[in-house]
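Asker: Here's a sequence, model it:
(one chain, ligands or ions: 1)
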Amino acid sequence: MNEAIAWQSVLGRDPAADGRFLYGVTTTGIYCRPSCPSRRPKRDNVAFFSSAEAAERAGFRACQRCRPNHARTANRAVERARDYIDSHLAEFGEERITLEVLGEESGLSPYHLQRKFKDVLGLTPAQYIRARKSERLKGELKRGETVSRATFGAGYGSSSRVYGDADARLGMTPATYRRGGAGMHIDYVIANTLLGTLLVAATERGICAVTLGDDATNLEAGLAREYPAATRARVAPQSSSLGSWVTEIVEAVDGDRKRLDIPFDIQASAFRWKVWRELQKIPFGETRSYGEIASAIGSPKAVRAVASACANNQAAVVIPCHRVIRQSGDLGGYRWGLERKRRLLEKERAISEEGTS
Ligand SMILES: [Zn+2]
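Answerer: Here you go, the predicted structure:
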């Protein structure tokens, strides 16, 4: 591909170039057809791809306007039905888009629409709806939302339902989404707490790492290992939007019982997120065993996988993995030092008892 020519096609929104290549914009993480009506990016921020798959492998997501991951169809009725599904997926639960409605939208009888749709797209409308939901869910996860928010955004009715689907379909590693943080910019703040040094790192979408340690140098090295391909900058807490999150997290580490409500930008499997969501439900001052968490998420045999999800927690205290201990009462492990886990639990228990007496 000649990039200079490709760039001219992008500048000219040349419809003839559609289907020949796609372009991604590194600052937004979105990829488009050359003819997309969206604002033209700066040349420096553009990468070219030969296919939607290649763009998605590189961590880009499809533009909602030009839908570069969809082939254009020759059939207007099917196109209308598909547009209706695409634009209503987020509003309605699964059962709400009926063949009758799609028939009305497309001007065909439900029976004919069903057949025509299958002819043109190779899927029935119901299969298409399911595929689009799965695709959206992956897109949301790639943007780093928590599973519960991703679930909502993808138009699924309830989270229990999506997990059944998601476990089967999202069995991919975080690395599939974003290799080493390529294309990410991370700001981080170092702060002091009663339990030692705290590092809070975030992208523009949310927190991507919260770690505890003895000194800033080690924590910074840890962040670099986690996101080797990202650009990273240490910022002063007051000067950044991170500041208020850092304040809340420091308060939590120091024993404040307020529930943290902070957006995440952490890539992890659906299973890990399921465990982490469950950890967030453990009340302040209480603990659960690894086995209890496994049962609570409906996988009673997955005790070791739960322990591994705890050991790989990327947001200390915000995701309270310190509240999970062994059935025997033994503290188990803690990624940021067992002594810190012990002190966190003691403090939470003491504050909790104060509150109830
Ligand atoms: Zn576009």
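Asker: Residues of the stretch 151-300 of the chain that sit close to the ion?
Answerer: Proximity of the stretch 151-300 of the chain to the ion, by C-beta under 5 Å from the ion, involves no residues. No exception for glycine: its C-beta is placed from N, CA and C like everyone else's.
Asker: All the strands of the stretch 151-300 of the chain, in order from the start?
Answerer: Using DSSP state E, counting those that start in this stretch, the strands of the stretch 151-300 of the chain run over 185-193, 196-203, 206-213, 231-234, 288-289.
Asker: would you list the ones you listed in CSV and tack on distance to Tyr84, mean neighbour count and mean pLDDT?
Answerer: Converted to CSV, the strands of the stretch 151-300 of the chain look like this (distance: least, C-beta to C-beta, whole Å; neighbours: other C-beta atoms under 10 Å; pLDDT from 0 to 100):
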stretch, distance to Tyr84, mean neighbour count, mean pLDDT
strand 185-193, 37, 18, 91
strand 196-203, 34, 23, 92
strand 206-213, 32, 22, 90
strand 231-234, 41, 13, 89
strand 288-289, 45, 19, 96
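Asker: export those to CSV and tack on distance to Ala126?
Answerer: Output for the strands of the stretch 151-300 of the chain, formatted as CSV (distance: least, C-beta to C-beta, whole Å):
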stretch, distance to Ala126
strand 185-193, 41
strand 196-203, 36
strand 206-213, 34
strand 231-234, 44
strand 288-289, 39
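Asker: Which positions in the stretch 1-150 of the chain make contact with the ion?
Answerer: Cys32, Cys36, Ser38, Cys63, Arg65, Cys66.
Asker: And Ala131, how close does it get to Arg257?
Answerer: Distance, Ala131 to Arg257, by C-beta to C-beta, to the nearest Å: 44 Å.
Asker: Next: Gly243.
Answerer: 21 Å.
Asker: secondary structure element for Ala305?
Answerer: According to DSSP states H and E, Ala305 maps onto helix 303-311.
Asker: hmm, who's touching the very next helix or strand once past that helix?
Answerer: Following helix 303-311 in sequence order, the next helix or strand is strand 324-325 (DSSP H and E). The set of residues external to strand 324-325 that reach it, using C-beta atoms under 8 Å, 6 or more residues apart in numbering, is Leu279, Ile282, Thr287, Arg288, Ser289, Tyr290, Ile293, Val306, Cys310, Leu331, Gly332, Leu345.
Asker: which neighbours does strand 324-325 have in its sheet, and in what orientation?
Answerer: strand 288-289 (parallel) (DSSP bridges).
Asker: which outside residues touch stretch 254-264?
Answerer: Where contact means C-beta under 8 Å, 6+ apart, the residues beyond stretch 254-264 that reach it are 144-146, 193-195, 205-208, 245, 248-249, 251-252, 284-285, 315, 317-318, 347-348, 351-352, 355.
Asker: Equivalent analysis for stretch 16-30, please.
Answerer: Residues contacting stretch 16-30 (C-beta under 8 Å, 6+ apart): 1, 6, 9-10, 31-35, 41, 45-52, 55, 58-63, 68, 143, 183.
Asker: Any buried residues in that stretch, and which?
Answerer: Buried residues in stretch 16-30, counted by 16 or more other C-beta atoms under 10 Å: Ala17, Asp18, Phe21, Leu22, Tyr23, Gly24, Val25, Thr26, Gly29, Ile30.
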